[in-house]
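> Please work out how this folds:
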Amino acid sequence: MLVLVCYDVSTESREGRRRLRRVARVCESTGQRVQKSVFECQLDVAQFETLERDLLAEIDPAKDCLRLYRMPSTRGFEVLEHGVFKAVDFDGPLVL
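As a prediction, this is how the structure comes out:
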């Protein structure tokens, strides 16, 4: 399956800059960078679970955002979201 990994790591502190480098290193070992914080990875289910576990071990969910988009050809489209970013519900009501 194709997996898109997107992250936003808070770099306001030395620890945050260190987390950013570690997250990038995990992604570089698994897939290809398509933008500064976006990677494409071709993985099987076991590799996906390993990647998710490794990334979750590196981020700080209270400060960082990690999004994993799984796009398996037979199961449809899924988004797994971790961290501070909250997606807009595009199917919900529009309030102006």
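> Next, please give the residue ranges for the helices of this structure.
In the chain, the helices defined using DSSP state H lie at 14-28, 45-58.
> Burial check on residue 26, number of neighbours?
Neighbour count for residue 26, taken as other C-beta atoms under 10 Å: 20. In this view, the C-beta of every residue, glycine as well, is placed from N, C-alpha and C.
> should've said residue 64
Residue 64 has 22 neighbours, counted by other C-beta under 10 Å.
> I'd like the distance between it and residue 2.
As for residue 64, its distance to residue 2 is 23 Å (criterion: C-beta to C-beta, to the nearest Å).
> And for residue 30?
Applying C-beta to C-beta, the value for residue 30 to residue 2 is 12 Å.
> And residue 35, by the same measure?
15 Å.
> Between the two, tell me which one has more neighbours.
Each of residue 35 and residue 2 has its neighbours counted (other C-beta under 10 Å); residue 2 has more, 13 against 9.
> For burial, what's the neighbour tally of the nearest residue to that one once chain neighbours are set aside?
With sequence-adjacent residues excluded and distances taken as C-beta to C-beta, 6 or more residues apart in numbering, residue 2 is closest to residue 71, at 4.6 Å. Residues lying near residue 71 (other C-beta under 10 Å) number 14.
> What of residue 44?
Neighbours around residue 44, by other C-beta under 10 Å: 10.
> Quick one: low-confidence residue ranges for the protein.
The chain contains residues with pLDDT under 70 at 72-79, 85-92, 94-96.
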